Structures are given as structure tokens and as C-alpha cells.
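J.: Curious how this folds, go ahead:
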Amino acid sequence: MTEMLKKEFSRRSFVKGGGALVVGFSALGASVAGRAGAADSPFASNGPPALNEVDSFLMIHADNTASVMSGHTEFGQGSSVGIVLIAAEELDMAVSQVKFINPDTNLTPSTGGTTASNTISTKGRSVRAAAAYAKQALLGMAATQLGIPVASLTVSDGVVSGGGRSLSYGTLIGDKRFAVMMPNATLSTGQAPAKAPNQYKLVGSRVPRFDIPDKVTGTYVYVHNIRVPGMLHARLVRPRGQSAYPSGAPVLSVDGSSISHIRGAHIVRKGDFLAVVAAKEYDAIQAAAQLKVQWAEPPAMAGSGNLWKQMRDFDTEGKVAARIQVNTGDVDSAFAAAPVKLSARSYKVGYQAHLGIGPICAVADTTPQGAVVFSNTQNVYTTRQHVANATGLPLNNVRIRYVEGSSVYGMAPYDDGAAAAALISQLAGAPVRLQFMRWDDHGWDNHGNPLLADVRGAVDANGKIVAYEYTGFAQPGTGLTQTTLQLSGASAPPTPGLGSAEVGNTVVVYDVPNRRIVGKSLPLFNNYLKLGFLRGVANAQAAFASEQFIDELAYAAKTDPVEFRRRNLNAASSDRLSSALETAAKLANWQPRVAASELKTGNIVSGRGVALTTIFPSGSNPDVPSQAAVVVDIEVDKKTGKITVTDAWAVLNAGLAVSPGTMENQIIGAVIHGVSRSLHEDMVFDTKRVMSLDWVTYPILRFKESPRVHPAIVQRLDLQPTGAGEPALVPVAPAIANVFFDATGVRIRQMPMTPARVRGVLTMSAVR
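T.: Numbering: from 1, shown residues only. Coordinates of the predicted model:
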């Protein structure tokens, strides 16, 4: 063990042999290959390497294998398979010869966070470029050594052949730098020198995920599994549930004697940041639970029960900043003249949370010389900045290594965990493993934004939408400020901007000549909870309102919901979105009829509905986003109010499907997540703090409730890849709401559609 801890590895040797459970921080040190300095400290964080160099993304080893470094974080979505497929395809290597390397601020490039379903559409382009230019260089080397023209060479499994002789890539360059600059650092599919799609042998094929065997057998290394010599266990000490942003948790007093009986437990504090450490994890848990702390009284909030009323009141009182974001045609005149019109319908979506099943965890060693932190962040370089801010260390002395945790559905508080672990380690003077308790995850999450939307519209005699107006009440975002930085005094709350209505799913795919989108920005400070991007961002909330309203227009026009959408798709969307819609309808054996025209009697009723949405334009073509359509079957127990989703036919058109099997995995997961959010997930808070602190007060979908998901992909070799991780979630909620109307003849316009809300709308309908 001592010898291992003394070793210093180069970037090249580390990449070639990486992946094991690390037991010593010192084993992580040393320079990025080719940079000055014979031996960096274990805390060296020399990245990011240049984005226009092949060596930043790709390494060929002497054993004729390759390592690919895309900057992508693999947190369970499986898109690392797509990255490997792209690299292997362009290099003409076997998939088994290419290894994916997790992000590390001393090793891998900064290609942006793994967010917005951008892995293949953005990071894939960099990997494609590096592999294509690397192959050119390798063929040039082989031509020189074999003495024959490049055009006479062939490559198979990384072996170049020509003139009756062969040389492997490993022989040509094994463990040496390419030193090749890329004229174009991001190549689209088919863009020279990359292959044309009709030449693909690997891209578009079904390859098993690399991580599943170890996960199934329990040998996979998660961040929670990491242990290091001399490590202390830590727990945060905060009120159980955050209050209105940015009030934080001001500490009035701490009674250290309250944990004096817990052997080895110590308090660490900086400003209002408070934690405990102990050699044994259970002792840290007990110390955090028993430490007596008095916090200042937080400002009063409206509470989740009065959230919508408060928004209306703020609007009436002139405290809401309204601005027109889209205004085409003449909405008012078109509305007045149309034969079929619907006055404003109001739709509501409450706060929701990220909440991986496993808690946030990070392991850190912070010394005066630097820090090393293991985290399941979505962007190691952003996390590096947060840790540097928390500790005051120079940026290039803070090394962040990505290790997978328990899923990421967006901006969960993983950065808060990383910054907190580093700060606790600095204050305690020892390596620290920090794991959140369940109430830390639930109570201090960066929540998905709530929505209150008013929608009105009109249809002409031909069943065409002629007017549409969407007014969305939007809470300004709370930026990237982490709780640890705020409580410790390392950062002040950012100045809030203006909240915006989400326009991506407000009939953008439909041909609507008269359209107006109004955003009403709410007063943030001391009124609302901290926000962070949640899977689908605000697209899911906006789609719940807009796609349900489309169904209401179809019903008012006495038209089948699929036919109504088909009739109103605009030219820009019809190619991709109609294929998703038609595929979903065909797979589900959709039978055209007006919704709610065949209501059933009895306590258990069933129905069928549809929704289609658009999300996340590709980085290479910002005008073409991913398109998703879903047909859903449900049963409603009118007595209990329980909605059960039995089947969902979900179709995704995301351009070129690099790894179809992985995309189908993502569709299934997205639909199940969407069902959970649609039916169960509702963050409750009173006038002081968040009250949803566990899986009882914030329930999620159970295994026995999961629907049968029938995924399908529209493969388009002629299009660039676009996002696949989130789009299939977005249409789920409006589809369920639309099915509910088909089954009951009653609209439900608030999400989640809990049994209590179902009983409420059914009762109100009966009274009317």
C-alpha cells in the first residue's frame, strides 16, 4: 500500500490502466502528457487541453487499443456506448478495442456539461473529428513505412494492410502523441474527412452497454464505494428543509456539548456552514442528529397550498414583470373572428425534485497544496470552480474526478456535495467522505420550476388553429450558487434575472399564423425555492399546458386528436414530427375518433390519448430539435382517484441514431420517469420550509405501477444526431391528462395528477 501511495502516474499510463477503485489520493497525480514538468503534485489539475488537438480526445496504446476522452459524464444513460461507436467507426477499430475514459480535470477536455441531451450531438462531433484526423495521420505513417500510397491501404480492427504487409496502430504510434491539429474540431456526420453514413459498419448497430455486467453483479465502483486511508466520515448539519431563497440558514448558536458523549465526533464550521466529522460513519450520523443548533427564523412563504394564489396576487399588486416574448400576426382579431374558440384555461405544475434513489456523495482530500475530489458531477470543470471558490485554492490545484453516483436528472445538488466535502476536509485537516442524509437530498434540492399558465386559442372552419396565446408565470432562476458557498460566505446570491415563459412547446411545431407568448416574471427573493434544471427543463411543464390545450381545441373542433395534430403541423416540423406521430399511432393501432366520445360506465374506466413535443435543438443544426410522440393507455379508478398507466407507445426522432439500443433504454426510462412525475411527485412546503423530506412525503412511482413501455426510433441516416435522453419524457404528462379526459369526459389541469386531485375534479364535475 505504501509503495502504491508513493507512485506518480503519467496521463498516458493512468488512462491506459484507469477504472479501478482508488485507495490513495497520491496515486492520482502527475502531468498531462507533453506538458512541462516531470512530476506534478497529486492535486495537479492541468486541464482543459486544447479542443483542436487530436491528443486531447484520443490515445492509441501499444497493445493496439484506444482510449477516448470526450468530456462526457456517464451517469447511467449509456451514451458512452455512442461515443465509443463513433470513435471505433472512424478509426476502423473493433468496439472492444476502444475504452471510454471518465472526465478528470487533469486528463480530459472541457466540452461543456453533460446536459440537455447533448452527448452525441455535441461531444460526439469532437470525438468524430479526433478519430477521423487520427486515422488520416495513421494512414500517412503506414504509407511511409510500407512504401505504398495511402489509397492502396485498408484498415481492419486497427491493423493497416497493403502490399502484402501489415502494421497495427499500436506499432505505428503506441503511447506516443499524435501532435496533430484538427482544421475542423467538430465534424458532423458525413463531413470529410469523416465517413459518409452509407459507409457505417458500427454506428447504428446494437451494442451491449459496457457498465451493465458489473452493475448487475455488484462489482461496479460508485462514488459511494470509494475509501481512502485516514478518511473521516462527514454529515451536514442544516435545518431539515430549505426556506425561501436566498435566506439560507443563519446560525444563531451551536451547543458543542450536546455531542461530547460521541467519541471522536467533531464540529466543523465556517460562517453558517456547519457539519460534523467522525472516524466511524454511524458516529457522524448520530452527531449530526444530536447536535443542538438554533437557526434564525426564516422569512414567511405562501406555502405550496397558496402558491397559485400568491402568483395571482403578485400580478394584481403590480409585482410581476410582464414581457411579450413572441408576437406574430394579430391574435385578438383572429380570436374574435374564429367560429371555434376557447377562452383561457389555466394549467398548474408544482415544484418537483431531482432525487436519485441513492443520496449525494463526494470524497475529498483538501490540503494547503491542493484538493482532489471525487464527484458524480455533470461537469467537472464547473465543479472545479465551485470547489476552488469554497476552499480558496488556485483553480489548477483543484482536481475533480468523475465517478458515477446514483443517477442525475439535471442539476441535483452534486456540486453542493463536492464543495461541501472539500471544505469539510480543509477544515478538518483530513480526507473526508461526505454522504447526504435523505432529508438533505429532499430538503435542499435544486427544484424543478413550477408553472402557472393561461392559454386561449381558436380554430377556423377547416380545423386549422388560427390564434393561440400563452401566458406563463415564471420564477427567475437562482443561477449556479451552491448552498455550501452561500452558507460559508464564499458567494453572495446572484442578482435574479427575468423569468421567461418556455416557448419550446407552445405550439412551435404547429402552423399558427397568430401567436403570442407572454412571460410574467415573479419576485424571487424570500418568496420562492431554489431552482435547478430538471430533466426536460421547463419543456415538460409547458407541454403539459400546451399539448393538453391542443387536445381541447381538437375536441372543440369535433376532430380526432391525431388527425387534428396531423392537420396543423407546420412545414418545418412535418417531416420529422409527423414520422414520430404516425409511427406511434401505427404501433398503438390508433382508431380515429373524437376524444371522450365513447365513455364507459362503472367504477374503473379506461381511455387512450396522444401528445407530441419537441426539445433540444442540435448544436450542429439549431433549427432542428428532437421530436417525440407518445400514445398512452390508462385506467382510472373513479372511487379512489388512482390513475394507472398500462401502456405507452413512445417514438423518438432524434436524427441519426448512433446507438439504437441505448436510445430505446432512454425512451423507456424517460417514460417511466415522466409517469412518476405526472402522477406522484409534488414538493410540499409550508410557510417556513420544505416539508417533503422522504419517499413518503415525496412519493415516486413504484415498480408494480410501472407501465409497459413500447419504444421505437425513427432512424434517419440523412440527419445529424440530436438529443435522446430527455425528449420522450416531455409528452408523457399531457398525454396522460388527455387520456384522463378521454376516459372520464373531465379535464384535469394540475400536475401531478394525484388521487386526491382526481377525486376533486370528478366531484366538481358531478356537482356541475
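J.: Quickly note the distance from Pro71 to Thr111.
T.: In this structure residue 71 is Gly, not Pro. Counting by Cβ to Cβ, to the nearest Å, the separation of Gly71 from Thr111 is 4 Å. C-beta here means a position set from N, CA and C on the backbone, and glycine is covered the same way.
J.: typo on my end, Leu485
T.: Using Cβ to Cβ, Leu485 is found at 25 Å from Thr111.
J.: Tell me which of these two has more neighbours.
T.: More crowded of Leu485 and Thr111, by other Cβ atoms under 10 Å: Thr111, with 26 against 22.
J.: Need the residues that contact stretch 260-273.
T.: Outside of stretch 260-273, the residues within contact range by Cβ atoms under 8 Å, 6 or more residues apart in numbering are 234, 248-251, 254, 256, 259, 274-280, 283-284, 286-287, 290-291, 420, 423-424, 427-428, 484, 487-489.
J.: One more pass at 7 Å, please.
T.: 248-251, 254, 256, 259, 275-279, 283-284, 286-287, 291, 423-424, 427-428, 484, 487-489 (Cβ atoms under 7 Å, 6 or more residues apart in numbering).
J.: which of the residues you listed are buried?
T.: Neighbour-count burial (16 or more other Cβ atoms under 10 Å) applied to the contacts of stretch 260-273 gives 248-249, 251, 254, 259, 275-278, 283-284, 286-287, 291, 423-424, 427-428, 484, 487-488.
J.: which residues in the stretch 601-750 of the chain form helices?
T.: Along the stretch 601-750 of the chain, counting by DSSP state H, counting those that start in this stretch, helices occupy 660-679, 732-744.
J.: ends of stretch 203-211, how far apart?
T.: End-to-end distance for stretch 203-211: 19 Å, by Cα to Cα, to the nearest Å.
J.: List the buried residues in it.
T.: Within stretch 203-211, the residues scored as buried using 16+ other Cβ under 10 Å are Val203, Gly204, Val207, Arg209, Phe210, Asp211.
J.: ok, of the residues you listed, which one's closest to Gly170?
T.: Proximity of the buried residues of stretch 203-211 to Gly170 (Cβ to Cβ) peaks at Phe210, which lies at 21.0 Å.
J.: any chance you could map the helices in the stretch 451-600 of the chain?
T.: Taking DSSP H, counting those that start in this stretch as the test, the helices found in the stretch 451-600 of the chain are 483-488, 539-556, 561-568, 571-587.
J.: For Thr171, which of those helices is the nearest?
T.: Counting by Cβ to Cβ, Thr171 lies closest to helix 571-587 out of these; the figure is 45.1 Å.
J.: helices or strands next to the closest one in the packing?
T.: helix 561-568, strand 604-617, strand 625-637, strand 643-653, strand 708-713 (3 or more Cβ pairs under 7 Å, 6 or more residues apart in numbering; DSSP states H and E).
J.: Show the average pLDDT along the last one.
T.: Within the predicted structure, the mean pLDDT of strand 708-713 is 97.
J.: That one pairs with which strands?
T.: strand 643-653 (parallel) (DSSP bridges).
J.: Run through the residues that contact the closest residue to Gln352 other than its chain neighbours.
T.: In space, and not counting its chain neighbours, Gln352 is closest to Gly448: 4.3 Å by Cβ to Cβ, 6 or more residues apart in numbering. Gly448 makes contacts with Tyr351, Gln352, Ala353, Leu534, as judged by Cβ under 7 Å, 6+ apart.
J.: Where is the longest helix in this structure?
T.: With secondary structure taken from DSSP state H, the chain has its longest helix at helix 124-146.
J.: Restrict it to CA atoms and write it as CSV.
T.: What follows is helix 124-146, C-alpha atoms only, in CSV (Å, rounded to 0.1, in the frame of the first residue of the first chain):
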residue,chain,number,x,y,z
GLY,A,124,-19.8,13.2,-30.5
ARG,A,125,-18.7,15.7,-33.1
SER,A,126,-15.4,16.4,-31.3
VAL,A,127,-14.7,12.6,-31.0
ARG,A,128,-15.6,12.1,-34.6
ALA,A,129,-13.2,14.8,-35.7
ALA,A,130,-10.3,13.5,-33.5
ALA,A,131,-10.8,9.9,-34.7
ALA,A,132,-11.1,10.9,-38.4
TYR,A,133,-7.9,13.1,-38.3
ALA,A,134,-6.1,10.5,-36.3
LYS,A,135,-6.9,7.8,-38.9
GLN,A,136,-5.5,10.2,-41.6
ALA,A,137,-2.3,10.6,-39.6
LEU,A,138,-2.0,6.8,-39.0
LEU,A,139,-2.5,6.0,-42.7
GLY,A,140,0.2,8.6,-43.6
MET,A,141,2.6,6.9,-41.1
ALA,A,142,1.7,3.4,-42.5
ALA,A,143,2.2,4.6,-46.1
THR,A,144,5.6,5.9,-45.3
GLN,A,145,6.7,2.7,-43.5
LEU,A,146,5.2,0.4,-46.1
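J.: Sheet partners, orientation included, of whichever helix or strand comes after that helix?
T.: Sequence-wise, the next helix or strand downstream of helix 124-146 (DSSP states H and E) is strand 154-156. Strand pairing for strand 154-156, using DSSP bridges, gives strand 159-162 (antiparallel).
J.: Residues touching the strand it pairs with, excluding its own?
T.: The contact list for strand 159-162, computed with Cβ under 7 Å, 6+ apart, reads Leu138, Leu139, Ala142, Leu146, Ile148, Ser152, Leu153, Thr154, Ser166, Leu167, Ser168.
J.: again with stretch 236-251
T.: For stretch 236-251, the surrounding residues in contact (Cβ under 7 Å, 6+ apart) are 272, 274-276, 288, 291, 293, 295-296, 298-299, 301, 420, 436, 439-440, 443-444, 478, 486-487, 493, 524-530, 688-691, 693.
J.: List buried members of those residues by neighbour count.
T.: Among the contacts of stretch 236-251, those scoring as buried are 272, 274-276, 288, 291, 293, 295, 298, 301, 420, 436, 439-440, 443-444, 478, 486-487, 493, 524, 527-530, 688-691, 693 (criterion: 16+ other Cβ under 10 Å).
J.: In strands, which of those residues fall?
T.: Counted as lying in strands by DSSP state E, out of these, are Leu274, Ala275, Val276, Val293, Trp295.
J.: And the first one, how far from Asp416?
T.: Between Leu274 and Asp416 the computed distance is 14 Å (Cβ to Cβ).
J.: tell me the contacts of Pro476?
T.: Contact partners of Pro476, counting by Cβ under 7 Å, 6+ apart, are Pro496, Gly497, Leu498, Gly499, Ser521, Leu524.
J.: Highest neighbour count among those?
T.: Gly499 (24 neighbours).
J.: Settle this for me: that residue is touching Asn527, isn't it.
T.: No: applying Cβ atoms under 7 Å, one finds Gly499 not in contact with Asn527, separated by 11.9 Å.
J.: Any idea what Ala712 is bridged to?
T.: Taking DSSP bridges, one obtains Val651 as the residues bridged to Ala712.
J.: what's the spacing between it and Ser121?
T.: 20 Å.
J.: the more surrounded of these two?
T.: Using other Cβ under 10 Å as the criterion, Ala712 and Ser121 rank with Ser121 on top: 26 against 20.
J.: Are we agreed that the more buried one is in a strand?
T.: No: assessed with DSSP: H, G, I helix; E, B strand; the rest coil, Ser121 is helix; it does not lie in a strand.
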